[in-house]
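Peer 1: coordinates only, no sequence provided:
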């Protein structure tokens, strides 16, 4: 199943701006409507591959690396990044910096066309949702369409995991979902938590529905490739019915 969502906001999209990365931790300046806000500009941020480096693994076996600010860093090894097609740890800071940069330029609409997460793990999706809610409260809106990493399978994969989280002594830590073979065998070298399962469409749509996966009353139009509004008449009620997962899939 491949779901494609339209980015239909009340304001017409007149320009697409790519948000550049600034420094993390920069305070966001509140901007009053009409004071530098560009209501028709859109920031496109694709392939965010958000990794929640301060996320809670909900495990007594491994909580990450304590940092001087009191947080635990649940980060991947440098070797994991050097042998991958993407970065992991830096993406957290780059994403927040890009959002700050877009906001300070008066941009309030953000399109995220695919690969918003590492592999749709709860620790990452929940962390991403927290950040989107934070900026949404400041007046930004987000429109997400899924990529091949979110999810990379239609249904939950509770055997998934990663081999390369970093321990405080610089070694690799394997962390898998609870139904992984190593977890079932009670391998003492493996940390088992469903925070590292890979979520399918149902959970993603439930957690991120307000960011484009489902219709919004404030928008003038919303559809998927499976939508078919009777007589071409659009309504929020009709769109909500069309947004049900059962209406957005087919067997092949």
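Peer 2: Looks like it arrived, so ask away. On a predicted model such as this, the values are computed, not experimentally measured, just so you know.

Peer 1: how many residues are close by residue 183?
Peer 2: By other Cβ atoms under 10 Å, the residues close to residue 183 number 21. C-beta: built from backbone N, CA, C; applies to glycine.

Peer 1: try the one 10 residues further on
Peer 2: Applying the criterion other Cβ under 10 Å, we find 22 residues in the vicinity of residue 193.

Peer 1: and the residue lying closest to it once chain neighbours are set aside, how many neighbours?
Peer 2: In this structure, residue 193 finds its nearest non-sequential neighbour in residue 59, 4.4 Å apart by Cβ to Cβ, 6 or more residues apart in numbering. Neighbour count of residue 59, defined by other Cβ under 10 Å: 16.

Peer 1: check residue 230 too.
Peer 2: 8.

Peer 1: contacting residues for it?
Peer 2: Applying Cβ atoms under 8 Å, 6 or more residues apart in numbering to residue 230 gives the contacts residue 238.

Peer 1: now it: how far from residue 238?
Peer 2: In this view, residue 230 and residue 238 are 7 Å apart by Cβ to Cβ, to the nearest Å.

Peer 1: and for residue 139?
Peer 2: On the measure of Cβ to Cβ, residue 139 and residue 238 end up 28 Å apart.

Peer 1: all strands of this structure, in order?
Peer 2: Here the chain has its strands, by DSSP state E, at 15-17, 38-44, 65-66, 72-73, 107-113, 141-145, 161-166, 172-176, 190-192.

Peer 1: which of those strands has the lowest mean pLDDT?
Peer 2: Confidence, taken as mean pLDDT, is least for strand 15-17 of the strands of the chain (a mean of 26).

Peer 1: so where is the stretch 101-250 of the chain shaky, pLDDT-wise?
Peer 2: Scanning the stretch 101-250 of the chain for pLDDT under 70 picks out nothing.

Peer 1: and stretch 149-159, which residues are buried?
Peer 2: For stretch 149-159, burial by neighbour count (16 or more other Cβ atoms under 10 Å) applies to 149-152, 156-159.

Peer 1: contacting residues around it?
Peer 2: 1, 49, 114-120, 125, 176-181, 194, 197-204, 249.

Peer 1: quick one: distance of it to the chain centre.
Peer 2: In terms of Cα atoms, centre = their mean, to the nearest Å, the centre of stretch 149-159 is set 14 Å apart from its chain centre.

Peer 1: how long is it end to end?
Peer 2: Start and end residues of stretch 149-159 are separated by 16 Å (Cα to Cα, to the nearest Å).

Peer 1: now the helices for the stretch 1-150 of the chain?
Peer 2: 78-82, 89-104, 122-136 (DSSP state H, counting those that start in this stretch).
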